[in-house]
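S.K.: only geometry, no sequence info:
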């Protein structure tokens with residue numbers, strides 16, 4: 001009897017710790033096994049800790065927008081692509097900031113980023129919102145791998161967005177083809 005009570009108590013503690021402290025978002029889908037990314041919320045920004053197999057490490061503070069709570073960590077991080085010694089392409093996903101009218105209570109805000117690692121310090125060269133409850137934009141999941149096709153041979157990605165969107169903040173309803181140059185900068189085609 002005491003063993004059963006102790007076991008239940010320990011399971012409840014583990015469940016509570018996991019609920020209260022979700023930890024760092026892990027790189028859950030990596031097409032390039034040499035790249036891992038960890039995140040941490042940092043004053044309304046996200047601290048991206050990018051590690052490349054072989055010892056290279058890049059840390060950058062990435063901007064978010066007001067639809068994400070300033071204290072929230074990324075729920076998920078996905079490495080979309082990697083160009084050796086040039087750029088890391090990733091998606092980071094957050095819970096939408098709750099609205100008092102229950103709008104976007106379970107929604108998500110997601111960003112596609114190109115991080116150039118060509119220079120002495122990493123630089124974010126592209127930030128594109130690819131999923132937003134508030135801005136009514138999302139990736140077309142019927143196109144490519146979850147709406148983004150990465151073509152490593154040409155350092156190109158195709159981004160398929162759908163939805164209403166907000167002028168100047170998102171451009172849904174069209175295919176965006178983005179090539180990444182030798183400096184890690186995006187070139188819209």
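M.R.: Cool, the structure landed. Owing to the predicted nature of the structure, the values given are computational and were not obtained by experimental measurement.
S.K.: and the pLDDT for the residue nearest to the spatial centre of the chain?
M.R.: Of all residues in the chain, the one closest to the mean position by C-alpha atoms, centre = their mean is residue 92, 0.9 Å from it. Residue 92 carries a pLDDT score of 93 in this model.
S.K.: residue contacts, it?
M.R.: Contact partners of residue 92, counting by C-beta atoms under 8 Å, 6 or more residues apart in numbering, are 25, 39, 46, 48, 62, 74, 76-77, 110-111, 113. All C-beta spots, glycine's among them, are computed from the backbone N, C-alpha and C.
S.K.: of those residues, which is the nearest to residue 175?
M.R.: Each of these was checked against residue 175 using C-beta to C-beta; the closest is residue 110, at 17.8 Å.
S.K.: tell me how many other residues surround the closest one.
M.R.: The tally of other residues near residue 110 (other C-beta atoms under 10 Å) stands at 23.
S.K.: report the separation between it and residue 54.
M.R.: 29 Å (C-beta to C-beta, to the nearest Å).
S.K.: next one: residue 65
M.R.: Residue 65 is 34 Å from residue 54, where distance means C-beta to C-beta.
S.K.: compare those two (neighbour count), which wins?
M.R.: When residue 65 and residue 54 are compared for neighbours, residue 65 comes out ahead with 16 against 6, by other C-beta under 10 Å.
S.K.: the closest residue to residue 146 other than its chain neighbours pairs with what?
M.R.: What sits nearest to residue 146 in space, not counting adjacent residues and going by C-beta to C-beta, 6 or more residues apart in numbering, is residue 139, at 6.1 Å. Beta-bridge partners for residue 139, by DSSP bridges, are residue 161.
S.K.: isn't residue 139 up against residue 158?
M.R.: No: taking C-beta atoms under 8 Å as the contact criterion, residue 139 and residue 158 are not neighbours in contact, 11.0 Å apart.
S.K.: list the contacts of residue 189.
M.R.: Here residue 189 is in contact with 156, 177-179 (criterion: C-beta under 8 Å, 6+ apart).
S.K.: for those, which one is nearest residue 124?
M.R.: Out of the contacts of residue 189, the one with the shortest distance to residue 124 is residue 178. That distance is 14.0 Å, counting by C-beta to C-beta.
S.K.: quick check, that closest one in contact with residue 157.
M.R.: Yes: assessed by C-beta under 8 Å, residue 178 is found in contact with residue 157 at 5.4 Å.
S.K.: between the two, which one's more packed in?
M.R.: residue 157 (23 against 19).
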